[in-house]
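> Model the structure of this input:
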Amino acid sequence: MRAEQSSSAGGRPAAGTRETLSLVVPAFNEYEGAGEIVDFYRDIVAAHPDLDVELVVVDDGSSDGTADAVRGALADGDRAVVISLARNFGSHAAITAGLSECSGDVALTLSADRQEPLSAIADFIAAWRDGADIVWGLRSVRATKSGPQETFAKAFSRIFNATSSVPTYPPSGPSQILVSRRVIDVLTTMPETNRNVLAMVAWVGFDQREIHFDQLPRPHGVSKWTTSKKAKLVIDSFVEFSYAPIRWLTLLGLGGGAAGVLLLLTALVLAFFPGAPSGTTLLAGLILAVGGAQLVGIGILGEYLWRAGDDARRRPVYVLRDLTRSGSASQDGGVDVPAARPDDARG
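Residues are numbered from 1 along each chain as shown. Have a look, this model is predicted:
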């Protein structure tokens, strides 16, 4: 069911209507931090008495009882939605689930390890109330030390910003986002299976702003954002939003063709000089280089074709194991989404 929203033009709450903020928290094996997630929610409620605040925690196929721990930490009066996915679908699918099931006029994503300072929440809300539909949360200071992965992340964000169809994607790399109800409604109609939610938000358009904050260190545990997940996100992002890899292949082909013509002319000239080296080694090297480039090109095209097939199959972005609402969130809410629910399997 689509929640009935009392709103004015542009997806804003009508004058005199109390605004609702949804906090969307994807969580994977965060049993130890479940209580801190709920505590941070209560801190935000206390800091913003003029808002109704809803906590939406999405357990992304955890094996340690994260969802049960969150439910156990909730008390009477806490407005919360706890979603469990049938398996680990990835953080961007989990964020999609949270946005689809939230009932707020505006939604803010947060990390399960509480690395955003409380003061940043007020900055997000102020930018939204000033007219922004999308507010990017950028890290002025990162909690982790600089290293190869951070350098790679920054390079990806800059290249993606310069070569994709979403030039509003922050080149410094976003951490969290706030989106208005009308942005949420657009996102829930987008069918991409392999998704970068941040890039999808940038693509939507509307008024976009930035706020900056100093990232806090993790209170415990380690990040679940592995290198393989990062690599998949990079590929998904370029395939869904950029034709640059195909253009690079074209340029590589033109360069290889020009080199081949030059080599042929060189071989013809050398043929008139007795005793000149045959160039067999050079020729073998060039054949291997060209063959390798062709295989890389086939691989890139294959990534585009595979993802096109994924989208054509129209499998759900995620599958719900269960969903519970407490407090005021127990009322009907959320929006229609490309998700599979337990009831769907029973017909």
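> Show me where the stretch 1-150 of the chain has its strands.
20-27, 52-59, 80-85, 106-109, 134-141 (DSSP state E, counting those that start in this stretch).
> ranking those by burial, who's on top?
With neighbours taken as mean count of other C-beta atoms under 10 Å, these reach their highest mean count in strand 52-59, at a mean of 28. Quick note: C-beta positions are derived from backbone N, CA and C, even for glycine.
> buried residues in stretch 112-126?
Ala112, Asp113, Arg114, Gln115, Glu116, Ala120, Ile121, Asp123, Phe124, Ile125 (16 or more other C-beta atoms under 10 Å).
> what's the distance between the fourth one and Ala67?
In this case it means Gln115. Separation of Gln115 from Ala67 (C-beta to C-beta, to the nearest Å): 21 Å.
> same deal with Gly104?
In this view, Gly104 and Ala67 are 20 Å apart by C-beta to C-beta.
> Break down this protein into its helices, ranges please.
Using DSSP state H, the helices of the chain run over 34-47, 66-73, 91-101, 118-129, 148-163, 181-187, 197-204, 227-241, 244-270, 280-313, 342-346.
> Nearest to Gly137, out of those?
For Gly137, the closest of these is helix 118-129, at 6.5 Å, according to C-beta to C-beta.
> tell me what the closest one is packed against?
The elements that helix 118-129 packs onto, with contact taken as 3 or more C-beta pairs under 8 Å, 6 or more residues apart in numbering; DSSP states H and E, are helix 34-47, strand 106-109, strand 134-141, strand 176-180, strand 208-214.
> Can you pull the domain assignment for this protein?
Domain ranges of the chain: 9-225+315-346, 244-313, per automatic domain parsing.
> Of those domains, which stretch is the most buried?
Of all the domains of the chain, domain 9-225+315-346 has the most neighbours on average by mean count of other C-beta under 10 Å, namely a mean of 18.
> returning to what we had before: and the helices and strands packed on helix 118-129 as a markdown table, adding distance to Ala97 and mean pLDDT?
Shown next, in a markdown table, are these (distance: least, C-beta to C-beta, whole Å; pLDDT from 0 to 100):
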| stretch | distance to Ala97 | mean pLDDT |
| --- | --- | --- |
| helix 34-47 | 16 | 92 |
| strand 106-109 | 12 | 94 |
| strand 134-141 | 19 | 83 |
| strand 176-180 | 15 | 92 |
| strand 208-214 | 23 | 88 |
